[in-house]
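Student: Whatever this is, show me its structure:
(one chain, ligands or ions: 1)
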Amino acid sequence: MNNLEKTLSIIKPDAVERGLEKEIKDQFLNNDFKIVEEKKIQISKSEAEEFYKVHQTKPFYNDLCSYLSSGPIVVMILEKNNAILANRDLMGATDPKKAKDGTIRKKYGISIDKNSVHGSDSLENAEIEIKFFFKD
Ligand code: CMP
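Tutor: Model (predicted):
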């Protein structure tokens, strides 16, 4: 069944810093995602706090927000049938040590913090996250 969805993807500072931007984008394209919009930006710590506010009670929240704002990131709107789940499968588990072979986090992730990519975890959050970065 046709269930075209959009999801938000971020290539995080650790991956941009290591020059993995093109390699990671190719993984999306080779898996039939369309990159509808993309931009390379650096966000402030307060913007990161707003973006990750669902995690504000977690012990790792402060470090997470410092990290996401520590260097350039690439934010993308990805489109595909069942894009949210498909992207989560392609990224692999949050902790690269637990991610399956062939996933982006297994290939490139350094640690649970520096796990190279973020992807929306639900349709509702995808809409919120896309609006956050692409306001018009
Ligand atoms: P991400 O998918 O961007 O969403 C929140 C991020 O918090 C997650 O990836 C991890 O990089 C980071 N994080 C750090 N510690 C933890 C943890 N213990 N559990 C889940 N996420 C964590």
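
Student: Pull up the residues of the protein that are close to the ligand.
Tutor: Within the chain, the positions adjacent to the ligand are His55, Phe60, Leu64, Thr94, Ile112, Asp113, Asn115, His118 by Cβ under 6 Å from any ligand atom. (Each C-beta comes from the backbone N, C-alpha and C, glycine too.)

Student: Go through the residues you listed and say which is closest to Ala86.
Tutor: Comparing these against Ala86 with Cβ to Cβ places His118 closest, at 15.1 Å.

Student: Tell me, what's the model's pLDDT at Asn2?
Tutor: Looking at Asn2, its pLDDT reads 88.

Student: before we move on, what about Ser46?
Tutor: As summarised for this prediction, Ser46 has a pLDDT of 98.

Student: Can you report phi and psi for it?
Tutor: phi -70, psi -30 (degrees, to the nearest 10).

Student: Just give me the neighbour total for it.
Tutor: Neighbour count of Ser46, defined by other Cβ atoms under 10 Å: 10.

Student: Name the nearest of the residues of the chain next to the ligand relative to Lys80.
Tutor: Taking Cβ to Cβ as the measure, Lys80 lies nearest His118 of the residues of the chain next to the ligand, at 16.8 Å.
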